[in-house]
Structures are given as C-alpha cells and as structure tokens.
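Enquirer: can you look at this prediction? I've put the sequence above it.
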Amino acid sequence: MRSINHTGLFSGTGLIIAGLTATLVALIFPIWSYADRSGTGLDTLSAQTVSTKFGPLSALDREFVTKVRLAGLWELPAGQQAQDKGTTQAVHTAGEHLVEGHTFLDARVRNVAARLGLELPNQPNPQQRQWLATLNSAQGETYDRDFANILRQAHGKVFSVVAQVRAGTRNSLVRDLADDANTTVLDHIKVLEATGLVDFDALARDAATSGPPPLTSSPPRRDRRPHRTPRFRSPPRRPTPCRPPPPAPGPPKRTDQRRNGTNPLPVQRPHDARTTPARRQTERHIPTTLRPYRGNPVALGHLFA
C-alpha cells in the first residue's frame, strides 16, 4: 500500500500550532484593551494636570475654583437685593446669609487663585445674568418665590461639584477651599428651604433631566398583600341555629311516698291544699279542741276510746 504524508498548514502539527497561537492572542487581548492607551481618562488626567508645591492641580480643580468665583459674582448681589425687596423675614434672613457666606468665600477663592497662579473671571456668565434679570423684574410674593427657587437650584448644582472635588482632589489648597465651600453652600441651602417657598418637585424634575441616569433602577412597587386567586371555592358554611336557653329549674316536685311504698304513714299536706270551700264550710262547726285531729281517724279513735 502507498502511504499518504500530510504536510503543510493543515497537517496535525500545523493545527496544534494554530490552536496555541489563537489561545495566546485571546489571553493577551483583554490586557491590551484595558491598558492606559492614549485618549483614555488616565491619559487625559495626566495631560491636564499641572504640578504645584501644594500638590497636583487637575482640570477639575481649576474648574471648581472658577465656579466658586462665578457663584460669588451673582449670588452676592442677589443676597443684597433680597434684603431690600423681600416681603418676609425668612427671605431677609436668607439674603443676609448669602452676603456673609459669599463675602467670605470670594476672599478665600481669590487668595487660593493667586497662590496657584490662576486667572479668575470678573463678570457672571450668561445664565447667571439671566437669573439676575428675572429677580430684578419680579415684585412682591413673586420675587420671594423666584428668589428661593432660583438660588436653591443653583446651590444644588454647586453642592454636587463640591463633593466631587473634595473626594478626588490631590491639592491641599483646593481641598481646604472645598471644605469651606461645602459648609457655606449647605448653610445657604438650609436657609433657602426655611423660607417655605422651595418647589421640591421642580428640583427633582430638573435633576432627572439634567443629571446622569441612576446606576440601578428601582424595583417595581408591590403591594404588601398580593391578591391570590384560590384554586377552588368551598361552599359557604350554614349558620348554626340558635337554640333557646334551657328553662330555669323550678321548685322540686313533691312525690307521694305512700305510692312508692317507702313510708306507710300518711303525707302531711298543707292545710289549704287539702281543703275545699265545702269542707271549710263544714269545718266551721267542728269544735276548736277537735280541729287538730281532723283528717286523722286513728287519733280520733284513741281520743274517744
């Protein structure tokens, strides 16, 4: 017989080499795909971070310093205006807190920016100027409501940025500024909510439309007692008829012992029970001395013996 020699790529040895190569590629690819390549978050963070003697200063740190400065440029005038145009004492109190808090923060942020070599804006941004225009045109109760809701919405957005910076910054000056900003912003949120004019439903809708989607979806609400259809329905039970109570026991019945044969002597019955009207008429003629012996012939016989 003639032997067949399988040579080339499709021989047994070639198939084994191809399988080992595919396995090696499958093991190396995940490591390469999750490595810090150009364009990823870590690469961008390293490229936008500058070194200072107070620690690395990231792009988020610089944005936070700028936002603190912008907040003071429009919230400080809004607080001064609330002290003049507010119609309630709660609005006046909120305006005082805004003026005091942002006066302190503005001095802090200008000091931090000078030490870090950062430039700060001197004018509010277009959205903040629009908020100031809305407050300038409002009067009376409308002003109080617009003041509380606009300022509360702005502080809520800044509050989330402060928490993010405080959790991830590596710069000591930015970290201290974030601590001061967190205390001041939380105080302003509380005094604005104390006015009783904040629309929390509008805040929730704004957060749902502008913020990122939640990480997990909440499960559907279930009733505490779910309705269950029985497999079969038993017939209704008939009510038990009410039985009348037993009669009350009466006086014991007297039995004639003579009939039973237990006592040969006659039974002494009441006087009224054995007399009739005719007998009572006859007994009137019986002498008094003989009345105790009536009805007892044996005793009468001994008496006259």
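Expert: Yep, it's here.

Enquirer: start and end of stretch 77-95, how far apart?
Expert: 9 Å (CA to CA, to the nearest Å).

Enquirer: list the buried ones in it?
Expert: Within stretch 77-95, the residues that count as buried by 16 or more other CB atoms under 10 Å are 77, 78, 79, 81, 82, 85, 86, 90, 91, 93, 94, 95. (C-beta placed from N, C-alpha, C; glycine too.)

Enquirer: for the nearest residue in space to residue 178 that is not next to it in sequence, give me the pLDDT.
Expert: Nearest non-adjacent residue to residue 178, counting by CB to CB, 6 or more residues apart in numbering: residue 166, 4.0 Å away. Looking at residue 166, its pLDDT stands at 93.

Enquirer: neighbours of residue 166, how many?
Expert: By other CB atoms under 10 Å, the residues close to residue 166 number 17.

Enquirer: over to residue 207?
Expert: 13.

Enquirer: which residues are in contact with it?
Expert: Going by CB atoms under 8 Å, 6 or more residues apart in numbering, residue 207 touches residue 156.

Enquirer: what's the answer for residue 146, then?
Expert: By CB under 8 Å, 6+ apart, the residues touching residue 146 are 134, 135, 138.

Enquirer: using the three-state scheme, assign residue 249.
Expert: Using DSSP: H, G, I helix; E, B strand; the rest coil, the structure places residue 249 in coil.

Enquirer: please report how far it lies from residue 243.
Expert: Distance from residue 249 to residue 243, counting by CB to CB, to the nearest Å: 18 Å.

Enquirer: residue 121: which element?
Expert: Of the helices and strands defined by DSSP states H and E, none includes residue 121.

Enquirer: retrieve the pLDDT associated with it.
Expert: Per the predicted model, pLDDT is 94 at residue 121.

Enquirer: same question, residue 27
Expert: Here the pLDDT value assigned to residue 27 is 57.

Enquirer: could you do residue 211 as well?
Expert: 61.

Enquirer: pretty sure residue 195 contacts residue 87?
Expert: No - look at residue 195 against residue 87 with CB atoms under 8 Å: they stay out of range, at 10.7 Å.
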